[in-house]
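Participant: what follows is a predicted structure for the sequence shown.
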Amino acid sequence: MRTRPLKVALLGCGVVGSEVARIMTTHADDLAARIGAPVELAGVAVRRPDKVREGIDPALVTTDATALVKRGDLDIVVEVIGGIEPARTLIATAFEHGASVVSANKALLAQDGAALHAAAGEHGKDLYYEAAVAGAIPLIRPLRESLAGDKVNRVLGIVNGTTNFILDKMDTTGAGYQEALDEATALGYAEADPTADVEGFDAAAKAAILAGIAFHTRVRLDDVYREGMTEVTAADFASAKEMGCTIKLLAICERAEDGASVTARVHPAMIPLSHPLASVRGAYNAVFVESDAAGQLMFYGPGAGGAPTASAVLGDLVAVGRNRVGGTTGPGESAYAALPVSSMGEVVTRYHISLDVADKPGVLAQVATVFAEHGVSIDTVRQQGKDGEASLVVVTHRASDAALGGTVEALRKLDTVRGVASIMRVEGE
Ligand code: HSE
């Protein structure tokens, strides 16, 4: 074992950073043995220097993150600040000054991953980010390394614990969205402002990262279609149950059937109860991967939280540490396939549409004609009438989102259609 320690700077010492520091201390001997060199915490950049941080030498704490990453003697910078700036500039500066980087920053990776990878490559350094997607669950390395010889066709994931907790509550208790959100907030699963989670922004960033790695293609946050789950109702869950399904907020990354393009999207969707993702309960995350040779794989575990996320950070720290000791770097960005990212209109899937209609002769025929005119084939129709009005539930065969959108627009114009109660995609069949 080499005796000169690897010097590590920690940018951010919140929920995740404090766990990283704790594990670095408590597992120091094991980490040294696994890496082949001791690891030394050389500095910790924080916003609030006066806060008491158990187990961290106050002499290491600084508010000047820029000066820390410019020291020039750092081996690894661990960035757990989150957000775009100052994280982006600090990471770039770390590379310029000779350090490799371990980051948990999904927003930055999804928005500026290409530039960060280019900077790492230019300076001959590593950029690892296992913790950026689904906390403790190993995903980046399995996709980037273990499946590097296979061809991934589809990644279907529950990558946001807050929304899975809310949807699971709605499913198991019959609660409405607001009631389930209130419980998630009271239990600390949802933040005071839950927008990033419930509107799907968090999951969209993760989808961009997963799609990029899975398809060896650059996929940016802007390429990801996004719909939140705030409009999902107890009635939607009742409809899902009638179909033998539940509802999940899914991140879906797909290669088109002809292999010539890819798509990435986040939206609520019905999935059959028989699908492994249907049994992912509470705030857990899971990602289902379909590939040519391996077939179907599922990765499951805690997708957030201090210690689970720190586990992923520490795994990267060991990997990058080993590379440093061996005088090498790990795999960088692989975007050679450069497949175009298609728009949502080209996505092909099944739909569950719930309509409020007049209950009189010819209505069903009228509705069916609209579907036919737009080339959308109907799989099943269920009608329940009451007092001259009826609820009509149509489940389609696979159709493009553009065709379905046109169908719904035309349905809304029919006098006999009082309203479109809900439109939900059906996935995982
Ligand atoms: N807020 C996220 C979640 C965790 O609820 O899963 C961080 O990405």
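Facilitator: Ah, there it is. Because the structure is a prediction, the values reported are computed rather than measured.
Participant: how about the contacts made by T162?
Facilitator: By Cβ atoms under 8 Å, 6 or more residues apart in numbering, the contact set of T162 is A184, Y189, A190, E191, P194, D197, V198, D202, A283, A304. C-betas here are computed from N, CA, C, even on glycine.
Participant: leaving out the residues flanking it, which one is nearest to it?
Facilitator: D197 (4.0 Å; Cβ to Cβ, 6 or more residues apart in numbering).
Participant: tell me the buried residues in whichever strand or helix holds that neighbour?
Facilitator: Using DSSP states H and E, D197 maps to helix 195-198. For helix 195-198, a neighbour-count test (16 or more other Cβ atoms under 10 Å) marks A196, D197, V198 as buried.
Participant: what does stretch 393-406 give?
Facilitator: For stretch 393-406, by 16+ other Cβ under 10 Å, it's V393, V394, V395, T396, A399, S400, D401, A403, L404, G406.
Participant: how far away is the residue lying farthest from the centre of the chain from the ligand?
Facilitator: Going by Cα atoms, centre = their mean, the residue of the chain most distant from its centre is P361, 46.7 Å out. Distance, P361 to the ligand, by Cβ to the nearest ligand atom, to the nearest Å: 50 Å.
Participant: wait, a strand at that residue?
Facilitator: No - P361 is assigned coil when assessed by DSSP: H, G, I helix; E, B strand; the rest coil, not a strand.
Participant: what pLDDT does it get?
Facilitator: Per-residue pLDDT puts P361 at 92.
Participant: give me phi/psi at the closest residue to the ligand within the stretch 201-350 of the chain?
Facilitator: Residue nearest to the ligand within the stretch 201-350 of the chain (Cβ to the nearest ligand atom): A304, separated by 3.5 Å. Note on A304: its backbone torsions stand at phi -160, psi -180 [degrees, to the nearest 10].
Participant: pLDDT score for it?
Facilitator: 92.
Participant: how many residues are close by A335?
Facilitator: A335 has 17 neighbouring residues, counting by other Cβ atoms under 10 Å.
Participant: quick one: L167 and the ligand, what's the gap?
Facilitator: Distance from L167 to the ligand, by Cβ to the nearest ligand atom: 12 Å.
Participant: list the buried ones in the helix or strand hosting that residue?
Facilitator: For L167, the element it lies in under DSSP H and E is helix 161-173. Within helix 161-173, the residues scored as buried using 16+ other Cβ under 10 Å are G161, T162, T163, N164, F165, I166, L167, D168, K169, M170, D171.
Participant: average pLDDT for it?
Facilitator: 98.
Participant: close to the ligand: what parts of the stretch 101-250 of the chain are there?
Facilitator: N160, G161, T162, D197, D202 (Cβ under 6 Å from any ligand atom).
Participant: let me redo that: the stretch 251-400 of the chain
Facilitator: Residues of the stretch 251-400 of the chain lying near the ligand (Cβ under 6 Å from any ligand atom): G303, A304.
Participant: could you pull out the helices in the stretch 251-400 of the chain for me?
Facilitator: Applying DSSP state H, counting those that start in this stretch to the stretch 251-400 of the chain gives helices spanning 306-326, 363-373.
Participant: next, format the ones you listed as JSON lines and append mean neighbour count.
Facilitator: Shown next, in JSON lines, are those (neighbours: other Cβ atoms under 10 Å):
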{"stretch": "helix 306-326", "mean neighbour count": "21"}
{"stretch": "helix 363-373", "mean neighbour count": "16"}
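Participant: and T380, how far is that from the ligand?
Facilitator: 34 Å.
Participant: bridged to that residue, which residues?
Facilitator: The residues listed as beta-bridge partners of T380 by DSSP bridges are V395.
Participant: straight-line length of stretch 21-30, end to end?
Facilitator: Terminal residues of stretch 21-30 lie 15 Å apart, using Cα to Cα, to the nearest Å.
Participant: check contacts around the residue sitting nearest the centre point of the chain.
Facilitator: Using Cα atoms, centre = their mean, the residue of the chain that lies closest to the mean C-alpha position is K206, 3.1 Å off. Going by Cβ under 8 Å, 6+ apart, K206 touches K106, A110, A132, V133, A134, G157, V159, N160, A251.
Participant: all helices for the stretch 101-250 of the chain, in order.
Facilitator: 106-122, 140-141, 161-173, 177-186, 195-198, 201-215, 234-242.
Participant: among the ones you listed, which is the most enclosed?
Facilitator: helix 201-215 (a mean of 28; mean count of other Cβ atoms under 10 Å).
Participant: domain parsing for the chain?
Facilitator: As given by automatic domain parsing, the domain ranges for the chain are 6-135+306-326, 143-302, 344-426.
Participant: any idea which of those gets closest to Y336?
Facilitator: Nearest of those to Y336, taken as Cβ to Cβ: domain 143-302 at 5.7 Å.
Participant: that older thread, dump the contacts of K206 into JSON lines; add distance to A240 as well.
Facilitator: Formatted as JSON lines, the contacts of K206 follow (distance: Cβ to Cβ, whole Å):
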{"residue": "K106", "distance to A240": "29"}
{"residue": "A110", "distance to A240": "29"}
{"residue": "A132", "distance to A240": "31"}
{"residue": "V133", "distance to A240": "27"}
{"residue": "A134", "distance to A240": "24"}
{"residue": "G157", "distance to A240": "19"}
{"residue": "V159", "distance to A240": "20"}
{"residue": "N160", "distance to A240": "19"}
{"residue": "A251", "distance to A240": "19"}
